[in-house]
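Colleague: using only what follows, build the 3D model:
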Amino acid sequence: MPSVPSVLFVDQSGQLGGAEFALLQLAGSCTARSEVLLLSDGPFRARLEAHGARVQVINDARVAGIARQASGLNCLRVVPGILRQVRAIAAHARTFDVLFLNTQKALVLGALGKLLHRKPVIWYQHDILTREHFGRVQLSVIKWLVRFAVDHVVANSQASKRSLIALTGIAADSVPVIYNGIDADAFKRIDGSDMAALRRQLGLPEHAWLAGLFGRLAPWKGQHIALEAMARLPGVHLVLVGAPLFGEDAYAQRLHEQAEALGVADRVHFAGFQDDVPAWMKAMDVVLHTSTEPEPFGRVIVEGMAAARPVIAAAAGGVTEIVRHQRNGWLVKPGDVAALADAIGALRTDPAMAQRLADQALVDAQTEFSVDQYLQRMMQAIGRAAR
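Modeller: Numbers count the residues shown, from 1 in each chain. As a prediction, this is how the structure comes out:
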């Protein structure tokens, strides 16, 4: 039996986002022969360590502050810091069989050191690589690194993969798609049979009809779209679970002001960041996804499905690979307030249909997006990279 390769995982963030949750499962499954290198400290480090992973942090505040849309001049200003991190990652990588880069900034800093560490490089692509998301400089760097310094790319969806192929021109059959895995057992452990009791436990209205929107508070996540829809849905309450992460506090404040201006503040509940997502999702009548730009995957959608709740989602990007309209969920045009309000109203007034969608969603979440399937496929990809 071939030995399991040793892996150095690199992630740019100390915060908990979709890419980090995917890495958490993977790194936690192979702790004996792996280590995680974070380029920024934060709660992700504690979560990894709780899963038994060895973690080191090498932080350079100026490099961490480079935005996706940064200009070439801004990138040049931090070249000394970039070189320090490239060398530091390369020094760590030399003692492992494979270098696994989990985010876009990790890709740049890890792949640039290929001549120093000479280890196989695998990149898990979590982003749609277009000008809507990245600056020209970043896209150009990604293009050439993928062509000449990355040995294997794994995409988190067909939507992400298509953007990569369009950008780099590499062969489509060289890029497998491996969807994130969702731990359905975590949702099974939550008893949602007594909805009122669960809501009391979470401090939510016990008998209101609740629509839940999960994710960091950011303009492209579309919480403002959901607020507009609430103004058309008397009696419906909206629960926003998430917090601003990357300098988006002004947007969070605007959401509070918007709720007041629309006269729905008494029906909008800002829950902040919550660790126990399964319980919060089980407490909802419907789970919303309102991103205004194409989502690379849509982890929160699969979580809503695993919670056995009907999901209404914005039909763009990887979302359309997860949700089949009126079969396991409901798709609406991104940014369309009227369509979102109509969908919420339809599921509220037809609980039998809502239950039918939720039942099929649960089956699909368990069969198509299981953690075991995700880990098996990802370890196979890592094994191929090591050969």
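
Colleague: elements contacting the helix ranked longest in the chain?
Modeller: With DSSP state H setting the assignment, residue counts place helix 351-368 as the longest helix in the chain. In terms of contacts (3 or more C-beta pairs under 8 Å, 6 or more residues apart in numbering; DSSP states H and E), helix 351-368 is packed against helix 184-188, helix 299-306, helix 337-349. C-beta here means a position set from N, CA and C on the backbone, and glycine is covered the same way.

Colleague: which of those is buried the deepest?
Modeller: Relative to the other members of the helices and strands packed on helix 351-368, helix 299-306 carries the highest mean neighbour count by mean count of other C-beta atoms under 10 Å, namely a mean of 27.

Colleague: name the helices or strands packed onto that helix?
Modeller: On the basis of 3+ C-beta pairs under 8 Å, 6+ apart, helix 299-306 makes packing contacts with helix 18-29, helix 184-188, strand 209-214, helix 277-282, strand 286-288, strand 311-314, helix 351-368.

Colleague: picking that back up, can you redo the helices and strands packed on helix 351-368 as JSON lines with mean pLDDT and distance to residue 246?
Modeller: Converted to JSON lines, the helices and strands packed on helix 351-368 look like this (pLDDT from 0 to 100; distance: least, C-beta to C-beta, whole Å):
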{"stretch": "helix 184-188", "mean pLDDT": "92", "distance to residue 246": "26"}
{"stretch": "helix 299-306", "mean pLDDT": "97", "distance to residue 246": "17"}
{"stretch": "helix 337-349", "mean pLDDT": "98", "distance to residue 246": "25"}
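
Colleague: residues in contact with the helix or strand hosting residue 37?
Modeller: Counting by DSSP states H and E, the secondary-structure element that holds residue 37 is strand 34-38. If you take C-beta atoms under 8 Å, 6 or more residues apart in numbering as the criterion, strand 34-38 is touched by 6-14, 23, 27, 44-45, 48, 53-59, 89, 92, 96.

Colleague: domains for this structure, by residue range?
Modeller: Taking automatic domain parsing as the reference, the chain has its domains at 7-181+370-386, 184-368.

Colleague: quick one: residues contacting residue 369.
Modeller: Residues touching residue 369, when contacts are defined by C-beta under 8 Å, 6+ apart, comprise 179-182, 302, 305-306, 322.

Colleague: same thing but at 6 Å, please
Modeller: Taking C-beta atoms under 6 Å, 6 or more residues apart in numbering, we find residue 369 in contact with 179, 182, 302.

Colleague: so what does it look like in phi/psi?
Modeller: Geometry field for residue 369 lists phi and psi as phi -130, psi 40, criterion degrees, to the nearest 10.
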